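A.B. asks: My questions concern the predicted model and sequence given below.
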Amino acid sequence: NRIGLPRIWRRMLTECRRITSTFKQEIDLELSKNHVEIWTDGACKGNPGPGGWGVHFHEFDYPGLCGGDIMTTNNIQEMLAALVALQVVERLGCTANIYTDSNLVFKGLGEWLPGWKATNFKTVKKNRELWQQLIPLYDKLADKVTIHKVKGHSGNPGNDAADALANKGVIECLTKSKNA
């Protein structure tokens, strides 16, 4: 079974929407945050294999968001983490700095984006369906969001927290899979 089938995307994107909806309900919006700092990361045990994504929020006393899938790739999980971060920014109506250690996400939302749009995504070699979900939301929020590249596994507390959440997502999906 090939990674990246539309059915898989629909299931993962539905889960991301459910999680960000829950986040909005759990965070007291009276905090009136007009700006947030968000770290994202993906993890995979085998590539492809069980994977997870994590989103860490610097401003909130909140455990963060995570999820995962039993058969995925690291790039998919990195992209899902970025998508969830953007969904949160959209739901909170704030501005944000989003930090990623993924070259794919950083370059995909930066230097590669104009070329992909010019060819209607025909030059996107992998995960086209997910990019086509991620990019319109990024475009909608472009004036509110800045994407930053950070070095992974270098002692950055925000990145380390996002990495821990991504690995938690892997463990949770493996646990669900064993109990199913």
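C.D. replies: Great, that's in hand.

A.B. asks: Tell me the predicted confidence for T14.
C.D. replies: pLDDT, T14: 64.

A.B. asks: So E111 belongs to a strand, correct?
C.D. replies: No. Under DSSP: H, G, I helix; E, B strand; the rest coil, E111 sits outside any strand and is assigned coil.

A.B. asks: What are the boundaries of the helices in this structure?
C.D. replies: 6-26, 74-92, 103-108, 113-118, 128-141, 157-179 (DSSP state H).

A.B. asks: Please give me every residue in contact with M79.
C.D. replies: Going by Cβ atoms under 8 Å, 6 or more residues apart in numbering, M79 touches 42, 102, 104-105, 108, 127, 130-131, 134. In short, each C-beta sits where N, CA and C put it, glycine included.

A.B. asks: before we move on, back to that, which one of the helices of the chain lies nearest to I38?
C.D. replies: Closest of these to I38 is helix 74-92, at 4.7 Å (criterion: Cβ to Cβ).

A.B. asks: And the closest one, how far out from the chain middle?
C.D. replies: 3 Å (Cα atoms, centre = their mean, to the nearest Å).

A.B. asks: Stretch 91-104 now?
C.D. replies: 9 Å.

A.B. asks: ok, back up a step: max pairwise distance over the contacts of M79: which two?
C.D. replies: Among the contacts of M79, G42 and W131 lie farthest apart (Cβ to Cβ), at 14.7 Å.

A.B. asks: between these two, who's got more neighbours?
C.D. replies: Shown here are G42 and W131; by other Cβ atoms under 10 Å, G42 has more neighbours (30 against 21).

A.B. asks: Alright, that wraps it up for me.
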